[in-house]
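Participant: Got a sequence here, can you build the structure:
(one chain, ligands or ions: 1)
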Amino acid sequence: MNNTDLNNQVAIVTGGAQGIGFAVAKKFINMGAIVVLWDHDQKVAEKSAKDLGPNAFAYNVDVTDTDGVEAAAKRVNDEHGKIDVLVANAGIAGLNAAVIDYPIDEWNKVIDINLGGIFNCCRSVLPYMVKSG
Ligand SMILES: NC(=O)c1ccc[n+]([C@@H]2O[C@H](COP(=O)([O-])OP(=O)(O)OC[C@H]3O[C@@H](n4cnc5c(N)ncnc54)[C@H](O)[C@@H]3O)[C@@H](O)[C@H]2O)c1
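Facilitator: All right, here's what the predicted structure looks like:
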């Protein structure tokens, strides 16, 4: 990743409590951003935000919860003044099984999180991004 200047930019990283999302959040913090981690693992997200320092915040968000995601976007705008960046990273690998054996509940879960979750997050942050140009 290039060392782009993200000074005073407000970035949301979904699934930012750990893994790739946390690595992105760390890089963004080093680039000067204010980073809000959206993760449904509140305990890990809070610890991760603490590790990232005073410009990182943890919100308890399940990306499949349309109303919760909308409320979280409003909260970021209210508390940090704007939303500049969304990294829609939260997701799951899903069960590793052949299609013929794949339980429909597991399939729906993958679609809800990996597809519906990204849609919910984009849909909820876009009005704020459009407003701030
Ligand atoms: N690691 C890989 O090799 C790899 C390969 C291809 C795609 N991906 C995708 O990249 C993304 C990050 O991968 P990772 O390896 O860092 O995963 P990870 O499991 O280490 O981290 C995922 C994070 O997303 C959070 N999360 C999961 N479901 C959520 C939900 N419904 N709402 C809010 N937060 C939720 C988890 O709590 C966790 O903190 C995922 O979408 C994954 O599917 C990863």
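
Participant: So which residues on the protein come close to the ligand?
Facilitator: 14-15, 17-21, 39-41, 61-64, 89-93, 113, 117 (Cβ under 6 Å from any ligand atom). Backbone N, C-alpha and C define where each C-beta goes, glycine included.

Participant: In strands only, show me those residues.
Facilitator: Among the residues of the chain next to the ligand, the members found in strands (DSSP state E) are Thr14, Asp39.

Participant: Separate out the buried members of the residues of the chain next to the ligand.
Facilitator: Burial by neighbour count, 16 or more other Cβ atoms under 10 Å: within these this picks out 14-15, 17-18, 21, 39-41, 61-64, 89-91, 113, 117.

Participant: Restricted to helices, list these.
Facilitator: Gly21, Gly117 (DSSP state H).

Participant: Go through stretch 126-133 and flag the buried ones.
Facilitator: By 16+ other Cβ under 10 Å, the buried positions in stretch 126-133 come out as Tyr128, Met129.

Participant: Let me know the average pLDDT across it.
Facilitator: Taken as a whole, stretch 126-133 has an average pLDDT of 93.

Participant: Figure out how far that stretch is from the centre of its chain.
Facilitator: 17 Å (Cα atoms, centre = their mean, to the nearest Å).

Participant: Repeat that for stretch 73-91.
Facilitator: For stretch 73-91, the distance to the chain centre is 8 Å (Cα atoms, centre = their mean).

Participant: can you give me the strands in the protein?
Facilitator: 10-14, 34-39, 56-60, 85-87.

Participant: With mean pLDDT added, can I get these in CSV?
Facilitator: Listed next are the strands of the chain as CSV, based on pLDDT from 0 to 100:
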stretch, mean pLDDT
strand 10-14, 98
strand 34-39, 98
strand 56-60, 98
strand 85-87, 98
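
Participant: Deepest-packed of the ones you listed, please.
Facilitator: Greatest average neighbour count among those goes to strand 34-39 (a mean of 28), per mean count of other Cβ atoms under 10 Å.
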